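1. this one's structure only:
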């Protein structure tokens, strides 16, 4: 989710900077010696304008942001289950810190990388799970809330440039988390069992997270890529990245 928001940030910053729409932003030239620094500064200058959302692109507020539905199937380690998130509200992206932005262009393949950190992300919504978590069988849905501290990593978007248009083909993200705390209510008939499962997750979240992250990243890829192409296909590559 964190990198979905970065995806939106980059689309707005680099897409609207082309001058196609009345949105002021610095245009950075790829052959300049301080290109990465220019991109970072342009990003930081543009951020306050789009964090509240842009109706021109039907882009919602980024803080809070509503994530309506997403489903992932896990079948590795201690997790063998189908998990769906519904009507999730995410807060904390207003404090995003971008450390570096880089781009690479070779043989008509363009790649954009963003190193970023969010000090604290809070997710609240409903979760539905059908499967097993370690020794626990879960087949129910209920409310959840999750707090993640120091969410950081590199967001990588790659695609071919065809007829002066950047066609994004993959969006890969593998964020790290320093601390995570989760609560859910999936055993509504037994608070004792529910709390035992919650305590298990909060104690052993690092190995669980390592198992879940690659699978979740694969699920994010087509979703984020489709979001990127929704806007980037409307602009000339030479105007967005001169």
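-> Nice, thanks for sending it over. All values reported here derive from a predicted model rather than from experimental measurement.
2. got any ranges where this protein has weak pLDDT?
-> For the chain, the stretches with pLDDT under 70 are 1-26, 50, 54, 57-59, 231.
3. Tell me where it has strands.
-> For the chain, the strands defined by DSSP state E cover 65-76, 79-91, 97-106, 109-133, 136-162, 165-173, 176-184.
4. packing partners for the second one?
-> Packed against strand 79-91, as judged by 3 or more Cβ pairs under 8 Å, 6 or more residues apart in numbering; DSSP states H and E, are the following elements: strand 65-76, strand 109-133, strand 136-162, helix 205-232. Every residue, glycine included, has its C-beta placed from N, CA and C.
5. Just put these in JSON lines and tack on distance to residue 180 and mean neighbour count.
-> Formatted as JSON lines, those follow (distance: least, Cβ to Cβ, whole Å; neighbours: other Cβ atoms under 10 Å):
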{"stretch": "strand 65-76", "distance to residue 180": "16", "mean neighbour count": "14"}
{"stretch": "strand 109-133", "distance to residue 180": "10", "mean neighbour count": "18"}
{"stretch": "strand 136-162", "distance to residue 180": "5", "mean neighbour count": "17"}
{"stretch": "helix 205-232", "distance to residue 180": "5", "mean neighbour count": "16"}
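6. Any idea which of those gets closest to residue 193?
-> strand 136-162 (7.7 Å; Cβ to Cβ).
7. Distance from the closest one to the middle of the chain?
-> Remark: strand 136-162 is offset 7 Å from the chain centroid, using Cα atoms, centre = their mean, to the nearest Å.
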